[in-house]
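dropping a prediction and its sequence here:
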Amino acid sequence: MPTLPARQQLHAIFLAASGFAVFALGIRLGYQLVSAMTL
């Protein structure tokens with residue numbers, strides 16, 4: 001079935017994108033928290 005690998009690939013891309021967004025947001029919030037605590 002050619003639809004199943006495409007769906008799994010799309011799901012993996014979605015998970016990677018959401019994980020990267022959460023990771024970037026966490027780093028941004030952590031950086032703001034550290035800068036707020038040091039200043």
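Arrived safely. Residues are numbered from 1 along each chain as shown.

which parts of this structure are strands?
Applying DSSP state E to the chain gives no strands.

can you map out the helices along it?
Assigned by DSSP state H, the chain shows helices spanning 3-38.

mind showing which ranges of it have poor pLDDT?
1-2, 4 (pLDDT under 70).

rerun that using 90 as the cut-off
For the chain, applying pLDDT under 90 flags the ranges 1-7, 38-39.

now residue 39: how far from residue 27?
18 Å (CB to CB, to the nearest Å). C-betas here are computed from N, CA, C, even on glycine.

neighbour count winner among those two?
residue 27 (10 against 5; other CB atoms under 10 Å).

how far away is that one from residue 12?
From residue 27 to residue 12 the distance is 22 Å (CB to CB).

now residue 38
Residue 38 is 38 Å from residue 12, by CB to CB.

more neighbours: which of those two?
residue 12 (10 against 6).

next one: that one from residue 24, what distance?
Distance of residue 12 to residue 24, given as CB to CB: 18 Å.

for residue 14, same thing?
16 Å.

residue contacts, residue 5?
By CB atoms under 8 Å, 6 or more residues apart in numbering, no residues touch residue 5.

what about residue 31, neighbour count?
Residues near residue 31, counting by other CB under 10 Å: 10.

likewise for residue 24?
10.

then residue 21?
Based on other CB under 10 Å, the number of other residues close to residue 21 is 10.

what of the one 4 residues further on?
Residue 25 has 10 neighbouring residues, counting by other CB under 10 Å.

cool, residue 33 as well?
By the measure other CB under 10 Å, the count of residues near residue 33 is 10.

distance of it from residue 26?
Taken as CB to CB, the span from residue 33 to residue 26 is 10 Å.

next: residue 3.
Look at residue 3 and residue 26: by CB to CB, they are 34 Å apart.

compare those two (neighbour count), which wins?
residue 26 (10 against 7).

in contact with that one, which residues?
For residue 26, no contacting residues are found, by CB under 8 Å, 6+ apart.

and if you look at residue 16?
Residue 16 neighbours (CB under 8 Å, 6+ apart): none.

next: residue 18.
Contacts of residue 18 (CB under 8 Å, 6+ apart): none.

before I go, just wanted to say thanks for your time.
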